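1. Quick one, structure for this:
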Amino acid sequence: MTDREVSVVLPAYNEADTIESTVEVTVETLASFLPADAFEVLIAEDGCDDRTPEIADRLAAEDDRIRHFHSDERLGRGGALERAFEESDGDVLVYFDTDLATDMRHLEELVEAVRTEGYDVATGSRWMPGNVADRPFKRDVASRGYNSLVRLFLRSGVEDHQCGFKAFDRNVLLSLADDVEDDHWFWDTEILVRAQRAGYDIKEFPVDWEPKGDTKVDLVRDVFGMGSQILRLWWQVGVRPKIDRRVTMAAGTLLIVLAVALMTVYLDPREVLAEMRAADPVLVAVATLVYLASWPFRGLRYRDILSELGYRESLGFLTGAVFISQTGNLVFPARAGDAIRAYIVKARRGIPYPTGFASLAIERVFDLLTITVMAGTTLLALAAAGVDVTALQSAGPGGDVERSGRQAVLVAAGVGLAALLAVGVILATARSDRNLVRSALGRISSDSYVDYVAGVVEQFAGDVQTIAEDRRAFAVVGASSLLIWGIDVVTAIVVFAAFGVDVPLWALVAVGFFAVSVGNLAKVLPLSPGGIGLYEGAFTLIVVALTPVVWPVALGAAIVDHAIKNLVTVAGGVASTLFFNVSLTTAVEGASEAERDTPPHD
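-> You can find the predicted model right below:
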């Protein structure tokens, strides 16, 4: 037992007009059913800019059962509550809104549900039979809709998640709070959902409720933000726990099998095999040599990145490390090979894990930026030149194919433009001290999930900024990235030549840039090792939509192109593992442990 049986926390933000009366009513109500020294009232004052802190200090000085917790910065409603709960003394932890919208005659039932009845959590409800709740129409509709979504997506059995009138067993709340990520209005919902998932006993009972004063909830900004939080929590508690490597592999394999099965309905696989057998083997060999030439440049780029981070290593070692990590991405799902490289440079050259992961992030940033710019710029350049790329589409039976091709190109152009705009924002963020994405998202919502997304973008931009601060380094790494992916495109063009496609060279180059870029962007989804199936599907769709090349030829060329690149990667990876005496399985295990133990880099 602690000194106090019950701790009541009052979250307060700019409550100068009401905080004194709220505290007085709270103390009087608690004293009506508890011994005088059995409770305490904590004012969780959250960065107020009015007279609330002064009033709270005075109240605390006048009564030792009242305590004031001040924060210079906004912690958010949930953040302020958690901080006060951690500093409280009670075995039963209670909070309710300072406007006293819930009738205080229910406070004894709330406290005793946990204190004497043995429930782990108790919460008031404005939507259970027997309550009286006078709500404005627009708040009524928003609340009912929100609670319905929570019950649907999060399988909650609670009727009213946002009623600010709750009590908890101390140990239960503190154990749940460790996993709660929101620190604003969604905190109430998340704590209840996680309590249900953990199997705790919850009592929900009807309360009389009447809104008082103006709500601090922005019905556009906060409802939008809380909607995103529902999706975030649904993913965390309902989806992610069921996904492991085996499930990812099975799902990816199933998608590929289904895609192949559906493809055979419209396309005879024998035609694809016939086209592949007819391909010029000399040109296929040339394509292989062309692609092999890109690997020293991959090693050079990685050496330049590590050099900016303060480490100089030999080109041969770094090229081998890249070979091994890319082979790992082919063998293992979810791009586990990326972490393998961090393990190798740590184990063989003593480069710290944070630096290894940072260098990988920088490399991936430049990869994504390069292939995105290639895809968008190709389409925009064609449009600016007045080229009707839909004219490359074969007529087909009737006009449906032409219309489909035109729609595909318009959609792709929109995606390309959006990608270029996103790249511009990220680069602008990296070049400045402001997170432009955080500013934009902050106008839509202020909840913690938006902070999380903005934080990811900040880290992403920070990785770019590591190189962007040095113009020469940025230009060198950027140029080598363009060269690497340019060789990737040239490989595909030589493969097309091996298949004898009859397309003007300028069109083949333009479509090749776009198809390879889109194919590699599709591989970002970790549905299959190395993106096998994803690359071929995206590549084929683009080629067929934009050129007169028929399906069997396009798919055959996509398969051969990807096979060349994967075989070169595996051959180089196997040779490197033998040369460096590295076990891929051992590296994956070591990399996974390092990734869990390594904090995000600044």
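2. Flag the shaky bits of the stretch 1-150 of the chain, pLDDT-wise.
-> 1-3, 130-142 (pLDDT under 70).
3. what about 50?
-> 1, 137-138 (pLDDT under 50).
4. Show me where it has its helices.
-> 19-31, 52-62, 77-87, 107-115, 137-154 (DSSP state H, counting those that start in this stretch).
5. just checking, next helix/strand downstream of the last one?
-> It stands for helix 137-154. strand 165-169 (DSSP states H and E).
6. Could I get the full set of strands for this structure?
-> Secondary structure of the chain (DSSP state E): strands at 6-12, 39-46, 66-71, 92-96, 121-125, 132-133, 165-169, 202-206, 208-209.
7. right, so of the ones you listed, which gets closest to residue 507?
-> Nearest of the strands of the chain to residue 507, taken as C-beta to C-beta: strand 39-46 at 61.1 Å. Quick note: C-beta positions are derived from backbone N, CA and C, even for glycine.
8. any idea of the angle that closest one forms with strand 6-12?
-> 20 degrees (axes from the mean of the first three to the mean of the last three C-alpha atoms, to 10 degrees).
9. what's strand 39-46 packed up against?
-> strand 6-12, helix 19-31, helix 52-62, strand 66-71, helix 77-87 (3 or more C-beta pairs under 8 Å, 6 or more residues apart in numbering; DSSP states H and E).
10. and it, which residues are buried?
-> 39, 40, 41, 42, 43, 44, 45, 46 (16 or more other C-beta atoms under 10 Å).
11. before we move on, what about stretch 272-287?
-> Going by neighbour count (16+ other C-beta under 10 Å), the buried part of stretch 272-287 is 272, 275, 276, 279, 283, 284, 286, 287.
12. Which residue lies closest in space to the third one, excluding its sequence neighbours?
-> The spatially closest residue to residue 276, leaving aside those adjacent along the chain, is residue 556, at 4.5 Å (C-beta to C-beta, 6 or more residues apart in numbering).
13. my guess is the one you found meets residue 284, correct?
-> No. Between residue 556 and residue 284 there is no contact under C-beta atoms under 8 Å: 11.3 Å.
14. Could you dump the helices and strands packed on strand 39-46 into JSON lines and include distance to residue 323 and mean neighbour count?
-> Formatted as JSON lines, the helices and strands packed on strand 39-46 follow (distance: least, C-beta to C-beta, whole Å; neighbours: other C-beta atoms under 10 Å):
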{"stretch": "strand 6-12", "distance to residue 323": "55", "mean neighbour count": "25"}
{"stretch": "helix 19-31", "distance to residue 323": "65", "mean neighbour count": "18"}
{"stretch": "helix 52-62", "distance to residue 323": "61", "mean neighbour count": "17"}
{"stretch": "strand 66-71", "distance to residue 323": "51", "mean neighbour count": "19"}
{"stretch": "helix 77-87", "distance to residue 323": "46", "mean neighbour count": "21"}
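15. Redo these as a markdown table? Include distance to residue 312.
-> Formatted as a markdown table, these follow (distance: least, C-beta to C-beta, whole Å):
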| stretch | distance to residue 312 |
| --- | --- |
| strand 6-12 | 54 |
| helix 19-31 | 61 |
| helix 52-62 | 54 |
| strand 66-71 | 46 |
| helix 77-87 | 44 |
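16. pLDDT at residue 315, what is it?
-> Residue 315 carries a pLDDT value of 91.
17. tell me, how many neighbours does it end up with?
-> 12 (other C-beta atoms under 10 Å).
18. Tell me which residues touch it, please.
-> 296, 299, 300, 303 (C-beta atoms under 8 Å, 6 or more residues apart in numbering).
19. Number of residues surrounding the second one?
-> Meaning residue 299. Neighbours of residue 299 (other C-beta under 10 Å): 21.
20. That one and residue 9, how far apart?
-> Distance of residue 299 to residue 9, computed by C-beta to C-beta, to the nearest Å: 57 Å.
21. Also the first one?
-> From residue 296 over to residue 9 the distance is 62 Å, taken as C-beta to C-beta.
22. Any stretches of the protein with poor pLDDT?
-> In the chain, residues with pLDDT under 50: 1, 137-138, 219-221, 266, 390-412, 449, 595-602.
23. Can you lay out the buried residues of stretch 272-287 as a markdown table showing distance to residue 102?
-> As requested, these are exported to a markdown table (distance: C-beta to C-beta, whole Å):
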| residue | distance to residue 102 |
| --- | --- |
| 272 | 68 |
| 275 | 72 |
| 276 | 72 |
| 279 | 75 |
| 283 | 77 |
| 284 | 75 |
| 286 | 77 |
| 287 | 72 |
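24. I'd like the buried residues of strand 39-46 laid out as TSV, including distance to residue 358.
-> Compiled in TSV, those are given as follows (distance: C-beta to C-beta, whole Å):
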residue	distance to residue 358
39	50
40	46
41	47
42	41
43	43
44	37
45	39
46	35
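25. Just the helices from the stretch 151-300 of the chain, written as ranges.
-> Counting by DSSP H, counting those that start in this stretch, the helices of the stretch 151-300 of the chain are 170-177, 187-197, 221-234, 245-266, 269-278, 281-292, 295-308.
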